[in-house]
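here is the input, now give the coordinates:
(2 chains)
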There are 2 protein chains.
Amino acid sequence: MASAHHNTSAWHSQQDIYDAEEYELLSHTNTDPNRPKYPDGSSIDWLREDASERSRLQQLRSQHGARGVLLPSLNAARMWIVVILTGAGIGIAGAWLDVLVRWLGDLREGRCTYGLFYNQAACCSGIDSGEICREWKTWSQFLNIRAIFAQSLLQSFVYVFLAIAFAGSAAVLVKTYAPYAFHTGIPEIKAILAGYVFDAFLSPWTLLIKALGLALAVASGLSLGKEGPLVHVSCCMAFLLSRFFKEFRHNEAQKRKLLAAAASAGVSVAFGSPLGGVLFGLEELDTFANDSDVIWRGFVASAIAAVSLQWVNPFGTDKLVLFQVTSNSDMWRAFELIPWLGLGIIGGVLGHLLIKLNVEAATLRRHSAINDWPILEVVAASALTATISYLIVFTRVQASELVANLFQECVPKKTDYHGLCNPTAMWENVFLLLLTAALKICFTAWTFGMNLPAGIFLPTIAIGACIGRAVGLLTQGLQRAYPTAWIFLACPPDPSARCVNPGFYAVIGASAMLGGVTRMTISLVVIVFELTGALSHVLPIMISIMTAKWVGDALGKHGIYPVWIAMRRYPWLPPVDYKDRGQTGASLMKPLSKLVVIEDGECTVHDLAGLVRRYDYHGFPVVNKGQLEGYATRENLRMAIDRALVDNPNEFGSRKCRFSSVQSEDHFDLKRTLESEVIQLRPGVPQELVVRIFQKLNLRQILFTQSGRLLGMVTKPDVVSLLTAHFPHTAALSAQLEMPYSSRVRES
Amino acid sequence: MASAHHNTSAWHSQQDIYDAEEYELLSHTNTDPNRPKYPDGSSIDWLREDASERSRLQQLRSQHGARGVLLPSLNAARMWIVVILTGAGIGIAGAWLDVLVRWLGDLREGRCTYGLFYNQAACCSGIDSGEICREWKTWSQFLNIRAIFAQSLLQSFVYVFLAIAFAGSAAVLVKTYAPYAFHTGIPEIKAILAGYVFDAFLSPWTLLIKALGLALAVASGLSLGKEGPLVHVSCCMAFLLSRFFKEFRHNEAQKRKLLAAAASAGVSVAFGSPLGGVLFGLEELDTFANDSDVIWRGFVASAIAAVSLQWVNPFGTDKLVLFQVTSNSDMWRAFELIPWLGLGIIGGVLGHLLIKLNVEAATLRRHSAINDWPILEVVAASALTATISYLIVFTRVQASELVANLFQECVPKKTDYHGLCNPTAMWENVFLLLLTAALKICFTAWTFGMNLPAGIFLPTIAIGACIGRAVGLLTQGLQRAYPTAWIFLACPPDPSARCVNPGFYAVIGASAMLGGVTRMTISLVVIVFELTGALSHVLPIMISIMTAKWVGDALGKHGIYPVWIAMRRYPWLPPVDYKDRGQTGASLMKPLSKLVVIEDGECTVHDLAGLVRRYDYHGFPVVNKGQLEGYATRENLRMAIDRALVDNPNEFGSRKCRFSSVQSEDHFDLKRTLESEVIQLRPGVPQELVVRIFQKLNLRQILFTQSGRLLGMVTKPDVVSLLTAHFPHTAALSAQLEMPYSSRVRES
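Purely as a prediction, here's the structure:
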């Protein structure tokens, strides 16, 4: 029991290393450049980061006079500066991306006679309503081709060719300059916010390529959306801005607080949904768990992003609402709950199907020759998508345009989108809509995961809107056929009066499909009605999302993002309420016999240097005759040993290392590398509690002791494997990205 | 070190006590009736409750055959049954409360000629629009009084008399039958959800009296609202329903999961805001911390409550939106941000002022003679309120009616509410509105805390709406006076065209005031626009709430609910991001020398019986020669000792007690009362981390050890005192309710 009171106040040991440079700290008011950084692929230690932030703040406060007041305030101001700049930046960037996509997309159909760089709407903006726009010409008009056959051949050729060109160049950009700019980015952001270190994912190059590639990919007409990638772009932006401030460069926890706000701002811009952004952060990114102020910063970032977006006003509508639902009546009738519940069930089933197909596609891609030819794959897929899409009226246009039209009510005097409002063509319309939905499911399942930026939100909305509109048309047809049936008695008796509004069924269908794919609840409701402005229908939207989630959860446990996280094997703990079946921590922990442990006072500096070289674990428990003394990270040990060996290898090399304070001259003092204030549990603690502690406190490891004796250790990856054990495709893709995770940074 | 491995797997020791009754458990499929209950005023131990739930579920699953599958599903179904029933129940109850309030309120003005039980709207519902309603008569019309002086005398007399009668009877009901039915209830619900035990607060009597008293109190015209109390009513309802199921009766954690969903449903009904309900639960009640499924259950309960409310349809409008904002244009102009920011600042300042006045009023009431005459106080306050209110046109009507009118836009052909739209009467209107706001601030500060059910939401909205409308009128006047000033260039050039909509300024003012008083952010935004339907104005609403919160937080740290919690000294941890200044757990903990500790194997059963009688701590650490063995709750010890002493006092009384398993015959075995799997920290851990662990894991105590030696303990009340130390009125009211907390259940 000699070690019982030797390190009672040494939690700050990590920081104490830098006391030597105190003069430097005071002059720079900041953290030590020598502080060991986390390599990409490791998990941060929230406790250590918090401790470092705390000691930095204390240093600021302890300055003399006005500096002691001013510096801490300046420090808080920096966080807000980055949050506000990120919000404004992503708002403006998002708006210009919209403009770019619009122009590129229109270019596939034709061009403006008086300037190539006008999109169709801008080109025709000068004319009076009702007049036909002669300034915008399709390519065949522009090239003065008269023969109908030649016209359609040229049009389709340009359409397919530009699709391939856009998608192909996006893929080349991604492959050449920023391999991490592909896919949606949300699984990675989730993992990063939970503590995964992956700085390459947020680099300025990724920012640039993801934004540019995203515009190209969306304009190519592939079945993908810009929503998820915008979150990634926003996070890259915050990361870039944070580089200008030392405290974010050196503190991973502070950086994550910024990123959480940035993610909210990204969603806010993607959907024109400031509230949805905050809630997305809260529910899907689970940022709330880290810090209660996160919600508040996300709120500010979201609002500022939305203001900037509205200020740039890319569509000239002065509105944030993207897919305004026009409806003359806010009323809905009780019988409509039946088709809406049906849509909820369909959404849950198809959502599960889409996830399953997507997983199959991803594993197939990974394990076949396609893996080596990502650009060719994109070219082939875009050629196929463009060719098939061109043939069907609903798939030819941009998905966003399709969705906007499907959400519209049929109003007598307005233009009728491709005969959707024609009651005599009901069956044709239903067939076409279902065909579109089926095609889009197949395309999306393959596209989401290809080597270019791709979000899954918009395709999902499009699929759901098609199915919803189809169900709406069927319900409307039924009501018109049997207007006197008791179930339709709530409708006005006049058979020509409108009762069922299929446009709103499309909204419900889209919500249900989103619910099935993402398994979000409240943030989805807010996003949907901020997207559509259908506040009066918030209840049916809630009910359909509820149903879809229930059905989806019954079929498969996770939404699309956790599935991708599991496939990539990021160290991310799903916020599930894990229930053990009587197991204790003892069955989860690596027992002492399998741990690499440093015996205090027994091994020499040379031994330790060998240990550090041989094992790439994150750190090692330090014991003294079985009693736990603390935990020393590999990085800290390495730095201390390297210094000693550089100074005087002969003198220090053969000395015994001492972590406790009882020392003699011939021992090498490593007390400062030891983190002695660790959380200890007894091995009999239920597994459930161990998992909960990891989830809530964002720990990296827990040491198990009994009466002070070290018995074992559980690390975050152990808990992740426990929670993803039931998923068959776990780690199916983890080697593809050449993550250092599985090979190099096994945490001890 | 003899004790090093004797209790490695005994976490379930709490449960093992009941193994003796296993046959009983199997036949009842349920928990032991002898399980010690928590007395009111104590804090639950979440870990223990979870452990008990876990072992119960395991028991269910381990049943043979179909029972092993069926029983767990049935168990999950029970939770949903209660959630759904509570949602439906509170929806219907809320709707009927609305009807009752409407009728009682109208009764103060007059009555329906063909039936006393019709309110004004129902009475006049048959007639065509435009026609004057002759069925509804004021009291002077009804009694055929012609003289104008007598008319107004009678009207004002009835008005004041009924106000006193309603408020007085509410106070009598509360005082006589359910003393806990007073006030808003939200502080208590917050504390209960965080683990405080207060079953009397949720009793069926409280349910009944709170609902009835609420209707009376609101109808009396006192400055109070029904929103907060409805949350309390909803929780009472869930509590009542949960009594029918054993697992909720016996498990405090499970019960709280239900209550969280019920609270969401209550807000959903109070504001007609299903989404706001979920978010309120999330943000204000901080329910998310306990269980990630809570959001999902709250979502379902909220939706069902709103559906039931809409189904009963108390106002005959088929809408959930209470204060529909009518606006012809969704546009707002950039210059309007200036007055809106101003409103945000005013909201923050006045919110802080209202909290301060309310605290002063509460402490004054507590420490003066008023404390002994609660009913007289209510009568006097209602007489004063009614008399003054009757004199001013804006205060005479129900606050909800006032707010609805203040939110309206001035549309030429519609009725003009008390000349608010008359541009020549601008200064009179502004004066009247500001006077109304000032009066309402004073009334509210006093009323909120009197001996009857009273919420603070509606009065706050009314105050804010008055100020907002006044600012709107001023802005409008300025714009009309200087239509060509550069700042107003965004307005249409025609000076008669509408540009500034003062109705919307009222919404902004209300949001800002709510932000200042409650300090909520995102849930408030959602509630406001679900209340008003002003989705297009979500950005200005967000900005004003943001500003109000910023200003308010700068003036005083907490919103009104945490302030009341602190005054009542409930063991509730604010979800703040506590930062220490270098202190460690050692400075927070009670050191070993001040703890009552049981020395294993040293004291006799009689000693222990005396210990249990003498100290009313929650439990005692058990040590063996300084080494920590575990923790034994007083309740468990008492039960074990009582049994032994009843069986054979002479034989057992003088035996030594043994908690570890190394025993001889002459020891009394208390192993099963010991919880050995406790979380241990070293005393050097930063205070910040200790606080965070309490916040996140909802613990009751943490034991501090070093190398297995017990050094001290921190309990939840210690952490609460630490976090509320800066608030001057902490515990100012704690004795008033005669809470057992401070006297009886000091946690050891």
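
C-alpha from now on. contacts and neighbour counts both.
Fine.

which residue ranges form the helices in the stretch 201-350 of chain A?
Applying DSSP state H, counting those that start in this stretch to the stretch 201-350 of chain A gives helices spanning A:204-219, A:227-242, A:246-250, A:252-271, A:274-283, A:294-312, A:337-366.

including mean neighbour count, could those go into a markdown table?
Converted to a markdown table, the helices of the stretch 201-350 of chain A look like this (neighbours: other CA atoms under 10 Å in any protein chain shown):
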| stretch | mean neighbour count |
| --- | --- |
| helix A:204-219 | 25 |
| helix A:227-242 | 26 |
| helix A:246-250 | 19 |
| helix A:252-271 | 30 |
| helix A:274-283 | 28 |
| helix A:294-312 | 26 |
| helix A:337-366 | 22 |
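
make a markdown table out of those helices and add mean pLDDT and distance to chain B.
Listed next are the helices of the stretch 201-350 of chain A as a markdown table, based on pLDDT from 0 to 100; distance: least, CA to the nearest CA, whole Å:
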| stretch | mean pLDDT | distance to chain B |
| --- | --- | --- |
| helix A:204-219 | 91 | 26 |
| helix A:227-242 | 91 | 20 |
| helix A:246-250 | 79 | 17 |
| helix A:252-271 | 88 | 11 |
| helix A:274-283 | 84 | 7 |
| helix A:294-312 | 84 | 6 |
| helix A:337-366 | 93 | 11 |
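
ok, which of those comes nearest B:Ala334?
Set against B:Ala334 and scored by CA to CA, those come closest in helix A:294-312, at 9.4 Å.

just checking, what packs against the closest one?
helix A:65-107, helix A:252-271, helix A:274-283, helix B:538-555 (3 or more CA pairs under 8 Å, 6 or more residues apart in numbering or on different chains; DSSP states H and E).

export those to a markdown table and tack on distance to B:Pro72?
Putting the helices and strands packed on helix A:294-312 into a markdown table (distance: least, CA to CA, whole Å) gives the following:
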| stretch | distance to B:Pro72 |
| --- | --- |
| helix A:65-107 | 47 |
| helix A:252-271 | 38 |
| helix A:274-283 | 28 |
| helix B:538-555 | 44 |
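
nearest to B:Val158, of those helices?
helix B:538-555 (39.8 Å).

could the C-alpha coordinates of the closest one be exported in PDB?
Taking Å, rounded to 0.1, in the frame of the first residue of the first chain, the C-alpha atoms of helix B:538-555 are listed here in PDB:
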ATOM      1  CA  VAL B 538     -39.200  31.300 -38.700                       C
ATOM      2  CA  LEU B 539     -36.000  33.200 -39.200                       C
ATOM      3  CA  PRO B 540     -37.000  36.500 -37.400                       C
ATOM      4  CA  ILE B 541     -38.500  34.400 -34.600                       C
ATOM      5  CA  MET B 542     -35.300  32.500 -34.200                       C
ATOM      6  CA  ILE B 543     -33.300  35.700 -34.200                       C
ATOM      7  CA  SER B 544     -35.400  37.400 -31.600                       C
ATOM      8  CA  ILE B 545     -35.400  34.400 -29.300                       C
ATOM      9  CA  MET B 546     -31.600  34.200 -29.800                       C
ATOM     10  CA  THR B 547     -31.200  37.800 -28.800                       C
ATOM     11  CA  ALA B 548     -33.500  37.600 -25.900                       C
ATOM     12  CA  LYS B 549     -31.700  34.500 -24.600                       C
ATOM     13  CA  TRP B 550     -28.300  36.200 -25.000                       C
ATOM     14  CA  VAL B 551     -29.400  39.300 -23.200                       C
ATOM     15  CA  GLY B 552     -31.200  37.400 -20.500                       C
ATOM     16  CA  ASP B 553     -28.300  35.100 -19.900                       C
ATOM     17  CA  ALA B 554     -26.000  38.000 -19.600                       C
ATOM     18  CA  LEU B 555     -28.200  39.500 -16.900                       C
END
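
so which elements touch the helix or strand just after that helix?
Once helix B:538-555 ends, the next helix or strand along the chain (criterion: DSSP states H and E) is helix B:560-568. Using 3+ CA pairs under 8 Å, 6+ apart as the contact test, the elements touching helix B:560-568 are helix B:186-193, helix B:502-518.

could you give the average pLDDT over the first one?
What that stands for is helix B:186-193. For helix B:186-193, the mean pLDDT works out to 89.

wait, A:Ser676 sits on A:Val623?
No - A:Ser676 lies out of contact with A:Val623 (CA atoms under 8 Å); the separation is 10.7 Å.

in chain A, which residue is most central in space?
Nearest to the geometric centre of chain A sits A:Ile186, at 1.7 Å (CA atoms, centre = their mean).

how close does that residue get to A:Val218?
17 Å (CA to CA, to the nearest Å).

after the helix or strand where A:Leu384 lies, next one along is what?
Using DSSP H and E, the element containing A:Leu384 is helix A:374-391. For helix A:374-391, the following helix or strand on the C-terminal side (DSSP H and E) is helix A:393-396.

from B:Phe431, how far out is the residue of the stretch 101-250 of chain A found nearest chain B?
The nearest approach of the stretch 101-250 of chain A to chain B comes at A:Ala194, 15.7 Å away (CA to the nearest CA). Separation of A:Ala194 from B:Phe431 (CA to CA): 54 Å.

and those two? Which one has more around it.
A:Ala194 (26 against 12; other CA atoms under 10 Å in any protein chain shown).

pretty sure that one sits against A:Trp572.
Yes - here A:Ala194 reaches A:Trp572: they are 6.3 Å apart, a contact under CA under 8 Å.

follow-up on the earlier one: name the residue in A:Ser676 and A:Val623 with the higher neighbour count.
A direct count of neighbours by other CA under 10 Å for A:Ser676 and A:Val623 places A:Ser676 higher, at 29 against 21.

in what helix or strand does A:Cys657 lie?
strand A:656-658.

which neighbouring elements make contact with that strand?
Using 3+ CA pairs under 8 Å, 6+ apart, strand A:656-658 is in contact with strand A:667-669.

partner strands of the strand it packs on and their direction?
According to DSSP bridges, strand A:667-669 forms sheet pairs with strand A:656-658 (parallel).

so can I have CSV of the helices of the stretch 201-350 of chain A showing distance to B:Gly105?
Shown next, in CSV, are the helices of the stretch 201-350 of chain A (distance: least, CA to CA, whole Å):
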stretch, distance to B:Gly105
helix A:204-219, 58
helix A:227-242, 50
helix A:246-250, 58
helix A:252-271, 43
helix A:274-283, 36
helix A:294-312, 39
helix A:337-366, 36
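
figure out which of the ones you listed is closest to A:Pro591.
helix A:252-271 (30.0 Å).

got the angle between that closest one and helix A:294-312?
40 degrees (axes from the mean of the first three to the mean of the last three CA atoms, to 10 degrees).

just the C-alphas of helix A:252-271, formatted as PDB.
Below are the C-alpha coordinates for helix A:252-271, written out as PDB (Å, rounded to 0.1, in the frame of the first residue of the first chain):
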ATOM      1  CA  GLU A 252      -9.900  18.000 -30.700                       C
ATOM      2  CA  ALA A 253     -12.900  18.400 -28.400                       C
ATOM      3  CA  GLN A 254     -13.200  22.100 -29.100                       C
ATOM      4  CA  LYS A 255     -12.900  21.400 -32.800                       C
ATOM      5  CA  ARG A 256     -15.700  19.000 -32.600                       C
ATOM      6  CA  LYS A 257     -17.900  21.500 -30.900                       C
ATOM      7  CA  LEU A 258     -17.400  23.700 -33.900                       C
ATOM      8  CA  LEU A 259     -18.100  20.900 -36.400                       C
ATOM      9  CA  ALA A 260     -21.400  20.100 -34.700                       C
ATOM     10  CA  ALA A 261     -22.600  23.700 -35.300                       C
ATOM     11  CA  ALA A 262     -21.300  23.500 -38.800                       C
ATOM     12  CA  ALA A 263     -23.200  20.300 -39.500                       C
ATOM     13  CA  SER A 264     -26.400  22.000 -38.400                       C
ATOM     14  CA  ALA A 265     -25.700  24.900 -40.700                       C
ATOM     15  CA  GLY A 266     -25.100  22.500 -43.600                       C
ATOM     16  CA  VAL A 267     -28.500  20.900 -43.100                       C
ATOM     17  CA  SER A 268     -30.100  24.300 -42.700                       C
ATOM     18  CA  VAL A 269     -28.800  25.300 -46.100                       C
ATOM     19  CA  ALA A 270     -29.400  22.000 -47.800                       C
ATOM     20  CA  PHE A 271     -33.100  22.000 -47.000                       C
END
